[in-house]
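>>> Provided below for reference: sequence and predicted model.
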Amino acid sequence: MPVNLQNDRPLAWDSAALDADTKAMLDNLQPNILRAHVREHLSVLFVRFNDVADGKRYLRQIATTHMKSARKHLEEVRAFNAHGTKGTPYVGIGISKAGYRDLGHTVEQVRKFGDKVFRDGMKNRIAEVDDPAVTEWERVYQREIHAVILIGDAVPESVEALREQIVGDLPESARLLGEETGQGMRNPAGDGIEHFGYVDGRSQPLFLADEVEKEPKRHWDPAFPLENILVADPFSPNPSRHFGSYFVFRKLEQNVRAFKEIEQDLADSLDLDGSDRDRAGALLIGRFKDGTPVTSKGAAAGGPVSNDFTFDGDEGAKCPFSGHIRKTNPRSFGREVLMARRGQTYGTRSDQPWDDAAPSTRPAGEVGLLFMAFNSSLLSQFEFTQQSWVNNEGFQVEGTGHDPVIGQGKRVVKVTFPKVWGKPEQSAPHAQVAQTITMKGGEYFFMPSLAYLRGL
Ligand code: HEM
């Protein structure tokens, strides 16, 4: 039976009843797509090949010596949960359209990729998403990147050791164009956070039965069909069994100092006092720092971070339509747009991102998010989100404004915020808050099946 990408029932990956095609899919799929792999420490390498035979040999060698399958990863997670057995590091490979060309695939063949955004490459799609000109990107991203190699684990030592081996094995003809280092950050409750101090990575489309089972599902259904992230790998030996995923990588620098000033200015202008001042930032993100959705509660709640909510009935009196999580997932529609986010923070700092220290003590640059996400269509998922939702001032309701966190492009309309949580009265129209995130470069990749990589 062919792999059913449309099935709404989450995948019971360890069921004895699993059909042969789905089993083969799991044995040939890279990890970190269906389910996030631990990558508290992460090394991201950007490579250029320059020689077809060398490039192929290099990727094949990484695939056969260092890469595990999605199934192996899921078995490791199960063993860890049952007995605390430590898993092995994650190694992932993505290839850009230029990379496929450099591995010997003709222009004609590369057209087999249905996704125009992938075939164009990120440098040719800046107009669509209002990205900065390529000349303003960091140098490595201005160059022609052929492959990205991700190495992740819970501890730095194994990542560093693997990085050394993989860089050391680069053929003479190839170049390491540049690299990034990601490091997870956690708040005192142990939840992963981003540099503005907010819990991140909580809301995800889930594809596996064991993950879905753990979630309450009274309001929001976290189960998604595989078609949200998987596509047949066109160059694999058997595309009906071998799958891959389109991968977007963007380096997003965060001006934390400016964002913290904006939070304070907004709290002042809304006359928020005491603990209610935290609502200013929550109106921008859509969640309080501890992850409590602002549409559900007027103050941080503590405890487990809820994802069981919708915005139904909230006409902007609790969460503005511009709130980052409302822009990027309206919840009552657009489920097919949701990607699997697998980002990681970069840059180190000595202050505590979650506390109330003065904005002047915060970093104004050099820290941010390595935004990464898996898509079955970059055109109708990542790019659509950024172009038609995030950067669209009229999305859902006229006068909504840009996403205050990641919106790009000229901010024209004036916006309002709810003065008291849950009450319809809105503030006087304000200029939109300034942009505090700068895109420093990136690329679109395809994460092919292991069957393809091993056969190179
Ligand atoms: C530095 C840049 C970014 C920061 C600081 C940031 C921050 C956050 C935070 C704090 C959350 C809430 C945690 C959660 O619900 O999991 C979140 C959720 C989310 N973000 Fe971002 N984000 C960034 C970039 C992006 C980009 C570039 C996109 C896509 C264009 C994006 C899409 C989403 C989506 C889809 C969600 C989940 C919404 C939901 O399902 O409720 N984010 N982000």
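Right, received. Where do you want to start? Residues are numbered from 1 along each chain as shown.
>>> which residues of the stretch 251-400 of the chain lie near the ligand?
Applying Cβ under 6 Å from any ligand atom, we find that the stretch 251-400 of the chain lies next to the ligand at 252, 254, 285, 287, 324-325, 328-329, 341, 368-369, 371, 382, 385-386, 390. Quick note: C-beta positions are derived from backbone N, CA and C, even for glycine.
>>> so which of these is the most crowded?
The residue in these with the most neighbours, by other Cβ atoms under 10 Å, is residue 287 (29 neighbours).
>>> any figure for the gap between the nearest residue to it once chain neighbours are set aside and residue 442?
Nearest non-adjacent residue to residue 287, counting by Cβ to Cβ, 6 or more residues apart in numbering: residue 293, 5.4 Å away. Residue 293 is 29 Å from residue 442, where distance means Cβ to Cβ, to the nearest Å.
>>> more crowded one of the two?
For residue 293 versus residue 442, neighbours defined as other Cβ under 10 Å are more numerous around residue 293 (27 against 22).
>>> distance of that one relative to residue 426?
Distance of residue 293 to residue 426, given as Cβ to Cβ: 20 Å.
>>> could you do residue 32 as well?
In terms of Cβ to Cβ, residue 32 sits 42 Å off from residue 426.
>>> next: residue 313.
17 Å.
>>> how about residue 111?
50 Å.
>>> out of these two, which sits in the busier spot?
residue 426 (15 against 12).
>>> wait, the more buried one touches residue 414, no?
No. Here residue 426 does not reach residue 414: they are 11.3 Å apart, not a contact under Cβ atoms under 8 Å.
>>> with adjacent residues omitted, what lies nearest to residue 437?
Spatial nearest neighbour of residue 437, chain neighbours left out: residue 252 (5.2 Å); criterion: Cβ to Cβ, 6+ apart.
>>> just the pLDDT for that neighbour.
At residue 252, the pLDDT value in this model is 98.
>>> next: residue 175.
Residue 175 carries a pLDDT value of 98.
>>> residue in the stretch 351-456 of the chain nearest to the ligand?
Ranking the residues of the stretch 351-456 of the chain by distance to the ligand (Cβ to the nearest ligand atom) places residue 369 first, at 3.6 Å.
>>> what's near enough to touch that residue?
Applying Cβ atoms under 8 Å, 6 or more residues apart in numbering to residue 369 gives the contacts 194, 195, 252, 254, 343, 344, 345, 346.
>>> so which of those are in helices?
Per DSSP state H, helices hold no members of the contacts of residue 369.
>>> and the furthest pair within those residues?
Based on Cβ to Cβ, the longest span within those runs between 254 and 344 and measures 13.2 Å.
>>> re the thing from before, and the residues of the stretch 251-400 of the chain next to the ligand, which is closest to residue 25?
Distance ranking of those against residue 25, using Cβ to Cβ, places residue 341 first at 21.9 Å.
>>> which residues does the closest one contact?
201, 204, 371, 372, 373.
>>> looking at the residues you listed, which are in strands?
Among the contacts of residue 341, the residues falling in strands (DSSP state E) are 371, 372, 373.
>>> out of those residues, who's nearest residue 40?
When the ones in strands among the contacts of residue 341 are compared for distance to residue 40 (Cβ to Cβ), residue 372 wins out at 14.5 Å.
>>> hang on, the closest one packs against residue 249?
Yes. The pair residue 372 and residue 249 passes the contact test of Cβ under 8 Å, sitting 5.4 Å apart.
>>> any idea how far the spatially most central residue of the chain is from residue 283?
Residue closest to the average C-alpha location in the chain (Cα atoms, centre = their mean): residue 341, at 2.9 Å. In this view, residue 341 and residue 283 are 22 Å apart by Cβ to Cβ.
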